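Undergrad: everything below, folded, please.
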Amino acid sequence: MTKAYYFKDQADSAKKGIDISCGYLKSLPSHVEIINVESNSEYQDKDIDLIWKYENAEKRLCECAIEVKTDSYTTGNFWLETISNDVRNTEGCFLKSKADYFFYYFEKLDILYIIPLKSAKEWLVGNLNRFRESKTSTKDKKSGTHLYHTIGRIVPIETLKKELKISEIREVSKRAYRD
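TA: Below is the predicted model of the structure:
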């Protein structure tokens, strides 16, 4: 059975992931500035949510682009989007994003995974056949009709942790919202 979502509910959940991610980045000693570019069409086309500016070990100003995904499920899996809209056949954000890092936040578990996106995309493309494909559906709030499907691969968290170097931040909201 295909799970269905309303766009507004997804947007509300995404905002929480963005807020937690920003709070976490601000808690790091190297933090300088965060620019939220979610509404900027130039960055939307690249599937980038945040630009984070920080100082490296040599005290030089650096920046990196971040895409954030928020997930409410507790299945022990990542859901990595490969097709964002099956009607338009548009590439999914995990593959399309030009971000440096993919932040994957599980809100019920309060865990943030930081995934280096370039190597993770290459890894996923080379391993697609290992992981089950699944679909979700976006519904119209007024009519309740399905508008389109989003397609992704179900990848166990432990598999990605074992095969790629990713960071896991547990109880991230405690770090993000500390005084």
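Undergrad: so where's this structure shaky on pLDDT?
TA: Where the chain drops to pLDDT under 70, the residues are 1-13, 177-179.
Undergrad: so where do the strands sit in it?
TA: According to DSSP state E, the chain carries its strands in the segments 3-6, 31-36, 50-55, 61-71, 77-85, 90-91, 101-106, 111-116, 133-139, 146-156, 167-170.
Undergrad: right, so those strands: which one is the most enclosed?
TA: Highest mean neighbour count among the strands of the chain (mean count of other CB atoms under 10 Å): strand 101-106, with a mean of 24. No exception for glycine: its C-beta is placed from N, CA and C like everyone else's.
Undergrad: name the helices or strands packed onto that strand?
TA: Counting contacts by 3 or more CB pairs under 8 Å, 6 or more residues apart in numbering; DSSP states H and E, strand 101-106 packs against helix 7-27, strand 61-71, strand 111-116, helix 117-127.
Undergrad: got those as JSON lines, with distance to Glu42 columns?
TA: Listed next are the helices and strands packed on strand 101-106 as JSON lines, based on distance: least, CB to CB, whole Å:
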{"stretch": "helix 7-27", "distance to Glu42": "18"}
{"stretch": "strand 61-71", "distance to Glu42": "11"}
{"stretch": "strand 111-116", "distance to Glu42": "23"}
{"stretch": "helix 117-127", "distance to Glu42": "18"}
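Undergrad: to Lys135, which of those lies closest?
TA: Among the helices and strands packed on strand 101-106, the nearest to Lys135 by CB to CB is helix 7-27 (14.7 Å).
Undergrad: show me the beta-bridge partners of Leu50.
TA: Leu50 forms beta bridges with Asn36, Ile66, as assigned by DSSP bridges.
Undergrad: tell me, how many residues neighbour Lys96?
TA: The tally of other residues near Lys96 (other CB atoms under 10 Å) stands at 18.
Undergrad: how close does it sit to Lys15?
TA: Distance from Lys96 to Lys15, counting by CB to CB, to the nearest Å: 21 Å.
Undergrad: do Ser173 as well
TA: Using CB to CB, we find Ser173 at a distance of 14 Å from Lys15.
Undergrad: of the two, who's got more company?
TA: Neighbours per residue, other CB under 10 Å: of Ser173 and Lys15, the larger number sits with Ser173, 18 against 13.
Undergrad: thought the more buried one was touching Cys22?
TA: No: contact between Ser173 and Cys22 fails when scored by CB atoms under 8 Å: they sit 11.8 Å apart.
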